[in-house]
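# next comes the sequence, and after it the predicted model I'd like to discuss.
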Amino acid sequence: MQRISRREFVKRTAVTGAAFTSLPAILAACGTSTTSNKPSSLTIAAVQGAEDGPLKKIAPIYKSQTGITLNIDEFPYPDLYSKLVTTFQANGSSYDLCMMDDPWMPKFGTMGALQPLDSNFGFTRDSDIPAVVYDVGTWPPPSGPVPPSEQGKTKHLYGITIVGNVEMFMYRKDIASTPPASWDDVLANAKQYNKSNFYGYVIRGLATNPASSDSLPILWSFGGNVFDDNWKVMLDSTESIDAITFLTSRLKAYAEPGAASTDAADRDRLIAIGQAFQSTTWPAEVTGVVEATGSTVIGKMGYIPIPQGPSGKGIGMMGNWLLGIPKGSKNGSAAADFVKWLITPANMRTYVQNGGIPTRTSLLNDATLASTNPYFPALAKSLASPPNWRPRTDQWNAVETAYGTAVNQAVAGLKSPKDALTAAAATVRTLMQQAGYPS
Amino acid sequence: MSRLVAELPAPTTQNPVRAGRRRRSRQERLAYKILLPALGTVVVIVTIPFILAVVQSIQADDGTWVGLQNYARALSNPGFYDALRATGLYAVIVLPAEIVLGLGFALLVHRTVQSPGLRATLYILAVVPLVVPPVAVGVVARLIYAPGYGVLNVILERLGIIHQEIEWLSVPALAMFSVASVDIWQWTPFVYLVLFAGLQTVPKESVEAAQVDGATWWTQFVYIELHYLRPLFLLILFFRAADILRVFDHIFILTGGGPGTTTQLLSLYLYRVEFRFFQTGQGSALAVVVLVSISLLYTLVTRLLPLERT
C-alpha cells in the first residue's frame, strides 16, 4: 500500500468532500427544467391544521386529472408567516403557491412578493363569490385607508380565498330558542343562563392575537375602530372604550374563570362539554370541535352573524386563507391553473365535501351541504354583510400585539379598559409614526 | 540515577533552542490546522451572524443607513423594559430554586443512596425531563394549570384545600409562578446531575477524616464538599442564565406572555419584534444590546464571584 503525505491526505479528503457536497446540487440542477410548461409537481407552503386538511385530500384528485403532484409543505401558523417573509425577501423559488392569512396581505403586497393573478393569469371576478372575498386578496386595498407607501399604485388581485373564514357567533339554540339580535341580548342571555359550572359567555382573552380576534367584532359593532380612514388611531375613542368595557366588565361577570388565559381550544372545550352558553367562533372551531365526534352539543348550537351593537351593525371579522403565487415561482402558469381548477363550482363542492370552507354563495346556501355544515348559512350572511378585514398595514402584527395585550390586561383586571386602551393607542401612534404613517 | 543519566539522549551539535523552536512551530501549525474546522464553524455560525446583526441594527428595513436610530427606538420602547423586568424576575425565581433543590437532591442521594442500581435509576429519572421537548412540556403544563380543566385545581378541590378555582395563568403573580415552576421541574435535574457528579470527586479520605474529627453534615458540606462544587456552580449559572434567555415554548403555550406583558420574557419579546413585526433593524439592535450586556455580565460574574476552587 502506497503511503501518502499528510498534506496529500488533506488535499484528497477536501476534494472528495467537495465532490460529495456538490453532488446533490449538480443532480438537482440536471433534474430541474425551468422552461417546462407543465411541471410534474407544484409545491405549496401551507398552514398546518384544519385549514390545509381539505387541500391535502383533493391533491390526489388533481394528480389523477392532470398528472401534477401537489407537494404540500406544512408549517405551524406562526412559522409559516416568518418562513414566507424570509423566502420572499430572498426571492426564493421554493414554493409555487403559498397559503396566506388575510392580515398578511399588506406585508406581502408592500414587499411586492406575489404575482398579480388578474394581469398575469387572467383571473376575473365570479358573481357567485362575494366581492369582499376578491377585495381581501387585492392590493392596494380597494376600500379603507391605504398605507402611504402604497397610495397611487395600480390595484391587482394577488390572492384567491380558499378558506372563507369569517368570525361568527354561536349560542345554545336548545336552551334559548331565539338567537340574540344584539349585544344587549347577548348580555341578557349570559345573565339569564349563567349558573354554577355553566358559563353565560366565553371570552377568548389570551394575550395578543386571541384577545384581539375575539374583541374586534365587538369593537366594530360598537362603532369603535383601530384606525379611521386617515390612519388616525381610534383605540382610545369613546366607542372603542365602551366596547371593551362591555366585554371585560359587563360580559366578564358571566364568563368563565381564567378568561385572560383562555384560547380557542379552551373555549371550544367548554362549549363542547356543555359548560357554556355562547361565544364568538370561527368555522374551523365548529367543524374541528364543537360539531365534531365527541362533542355533547352536536346539533344543539345555533350559528349567526355577529350580533348588532350600538352602531346598529353587527360586523364580523374576516380571517380568509388565500392562495397566492410567489414572484419567485418558476411554475406560475401551472400554479394559476390549479387555483382556477380548485374554485370551479364542481371542484369546490368536492373540496367542501372533504372539509373545505367555501366562498361560493351557491355552496354556502346549499341545503345538502348545510345539513353537515350547520354554520354555512350564517357564513353566507356574514360574507354578504360584509365583514371587516383587519387594517391593511404591514405594521398590523405589532398593532395587534399592542391592542391584544391591552384587551388581555383589561380582561385580567390589571388595568381599566380606558387605561389599557389609552396606553395601547399611544404605543400604536408611536409605532405608526415611526413607520411613516400620519397617525 | 546513573541508569537515568545513561538513558538521556546524547547532546547534539545542533542548537537546541533553534531545534525546539522549529519543532514547536511545526506543532503549532498542526494545532492550527486541527483547530481550523472548529474555528471556521464558530466564524460561520457566530461571528458572521453577529457582524450581520450589527450591520442590520444600523440600517432601516429598506437597507438605508440610520445610525443609532434603531437602538434609540428599541430602547425607548416600554415593551423592552417590561420584558427585561419579566426576565429578571423569572431568573430570580428559577435560578435559586433550581440550585437549592438540585443541590439538596444531590446531597441527599450522595449521602443516603449507596446502591449502584438505585443511583442509576435516579440518574435515568433525572435525565427524562431534560430530553422532553419544551413544546411537550408546555402542553402538559397547560393541562395542569389551564382554567376549567387544569389537573392542579381538580386535585386541590378534591382535597378540600380550595373551593373556588385558582386562576393560575390569569393573575400576574400566579402566572409567573406557573411558568417558573415548569422551568424548575425541567431544569432542577440538570443541576442535580452536575452537582452529584461533582460530589463524586470529593476524596473519601478527607470526608472520613472530617467525620473522625466530629464534623457535622453541615460543616462537612461547607468546609469540604462546597470547595469541590464551586466551579460547578459557575458552570450551572452560565448554562442556566443562557437558557433563561432562550426560554420560549412553554411560556408561549401557557400564557402567550400574559396576563398583559407579565410573562413576556426577552426571548418572546425579541421573537415578536423580529419574526412577528419584522422590525429587523430594531430586532437586531435588541439582539446586540442583549448579547453585549450578557457578555459583560458573565465577565463580571466570573471576576467577582468567588467561585473558582482555591
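Happy to help now that I have it.
# contact partners for A:Ala113?
A:84, A:88, A:326-327 (C-beta atoms under 8 Å, 6 or more residues apart in numbering or on different chains). Any C-beta I mention is one placed from the backbone N, CA and C, and that applies to glycine too.
# in CSV, list the residues you listed along with neighbour count and pLDDT.
Converted to CSV, the contacts of A:Ala113 look like this (neighbours: other C-beta atoms under 10 Å in any protein chain shown; pLDDT from 0 to 100):
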residue, neighbour count, pLDDT
A:Leu84, 25, 95
A:Phe88, 20, 94
A:Pro326, 24, 97
A:Lys327, 17, 96
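# got CSV for these, with secondary structure too?
Conversion of those to CSV gives the following (DSSP: H, G, I helix; E, B strand; the rest coil):
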residue, secondary structure
A:Leu84, helix
A:Phe88, helix
A:Pro326, strand
A:Lys327, coil
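# closest to B:Leu195 out of the residues you listed?
For the contacts of A:Ala113, the minimum distance to B:Leu195 (C-beta to C-beta) is 45.6 Å, reached by A:Leu84.
# which residues touch the residue lying closest to A:Phe227 once chain neighbours are set aside?
What sits nearest to A:Phe227 in space, not counting adjacent residues and going by C-beta to C-beta, 6 or more residues apart in numbering or on different chains, is A:Pro391, at 5.3 Å. By C-beta under 8 Å, 6+ apart, the residues touching A:Pro391 are A:144-145, A:226-227, A:399.
# show me where the stretch 201-310 of chain B has its helices.
Using DSSP state H, counting those that start in this stretch, the helices found in the stretch 201-310 of chain B span residues B:204-212, B:217-220, B:226-246, B:249-254, B:266-271, B:280-304.
# and the residue of the stretch 201-310 of chain B found nearest chain A, how many neighbours does it have?
Proximity to chain A, evaluated over the stretch 201-310 of chain B using C-beta to the nearest C-beta, is greatest for B:Gly258 at 3.0 Å. When neighbours are counted by other C-beta atoms under 10 Å in any protein chain shown, B:Gly258 registers 30.
# tell me what the host helix or strand of B:Leu130 is packed against?
Using DSSP states H and E, B:Leu130 maps to helix B:116-131. Judged by 3 or more C-beta pairs under 8 Å, 6 or more residues apart in numbering or on different chains; DSSP states H and E, helix B:116-131 is in contact with helix B:172-199.
# may I see the buried residues of the helix it packs on?
For helix B:172-199, a neighbour-count test (16 or more other C-beta atoms under 10 Å in any protein chain shown) marks B:172, B:174-176, B:178-196, B:198-199 as buried.
# walk me through the domains of the chain.
If you meant another chain, say so; for now it's chain A. Taking automatic domain parsing as the reference, chain A has its domains at A:41-163+A:318-384, A:168-317+A:391-434.
# nope, chain B
As given by automatic domain parsing, the domain ranges for chain B are B:13-57, B:77-281.
# starting at the chain centroid, how far to the last one?
Averaging C-alpha positions (C-alpha atoms, centre = their mean, to the nearest Å) puts domain B:77-281 10 Å from its chain's average.
# ok, the residue in the stretch 1-150 of chain A that chain B sits nearest to - contacts?
The nearest approach of the stretch 1-150 of chain A to chain B comes at A:Ser82, 4.3 Å away (C-beta to the nearest C-beta). Counting by C-beta under 8 Å, 6+ apart, A:Ser82 touches B:275-276.
# 6 Å - rerun?
Residues in contact with A:Ser82 (C-beta atoms under 6 Å, 6 or more residues apart in numbering or on different chains) are B:Phe275.
# quickly find the element holding it.
A:Ser82 is located in helix A:77-89, with elements delineated by DSSP H and E.
# report the buried residues of that helix.
Of the residues in helix A:77-89, those buried (16+ other C-beta under 10 Å) are A:80-81, A:83-85, A:87-88.
# residues touching the residue in chain B that chain A sits nearest to, list them.
Nearest residue of chain B to chain A: B:Pro147, at 2.4 Å (C-beta to the nearest C-beta). Contact analysis of B:Pro147 by C-beta under 6 Å, 6+ apart lists A:257-258, A:261.
# can you tell me the closest non-neighbouring residue to it?
Per C-beta to C-beta, 6+ apart, closest to B:Pro147 is A:Gly258, 2.4 Å.
# give me phi/psi at that neighbour?
Per-residue torsions, A:Gly258: phi 70, psi 30 (degrees, to the nearest 10).
# low-confidence stretches in the chain?
Just going to use chain A. Where chain A drops to pLDDT under 70, the residues are A:1-37, A:439.
# wait, chain B
Looking at chain B by pLDDT under 70, you get B:1-24, B:305-310.
# now tabulate the helices of the stretch 201-310 of chain B in CSV and tack on distance to chain A and mean neighbour count.
Listed next are those as CSV, based on distance: least, C-beta to the nearest C-beta, whole Å; neighbours: other C-beta atoms under 10 Å in any protein chain shown:
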stretch, distance to chain A, mean neighbour count
helix B:204-212, 46, 12
helix B:217-220, 43, 12
helix B:226-246, 17, 16
helix B:249-254, 8, 23
helix B:266-271, 9, 22
helix B:280-304, 9, 16
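# residues contacting A:Pro345?
Per C-beta under 6 Å, 6+ apart, neighbours of A:Pro345: none.
# residues of chain A that sit close to chain B?
Contacts of chain A with chain B, taken as C-beta under 6 Å from any C-beta of the partner chain, map to A:82, A:85, A:206-208, A:257-258, A:260-261, A:397-398, A:405, A:408-409, A:412, A:414.
# and those, which two are furthest apart?
A:Val85 and A:Pro257 (37.9 Å).
# make sure B:Glu167 is indeed in a helix.
No - with three-state DSSP as the criterion, B:Glu167 is located in coil rather than a helix.
# which of the residues of chain A next to chain B count as buried?
Among the residues of chain A next to chain B, those buried by neighbour count (16+ other C-beta under 10 Å) are A:85, A:206-208, A:257-258, A:260-261, A:397-398, A:405, A:408-409, A:412, A:414.
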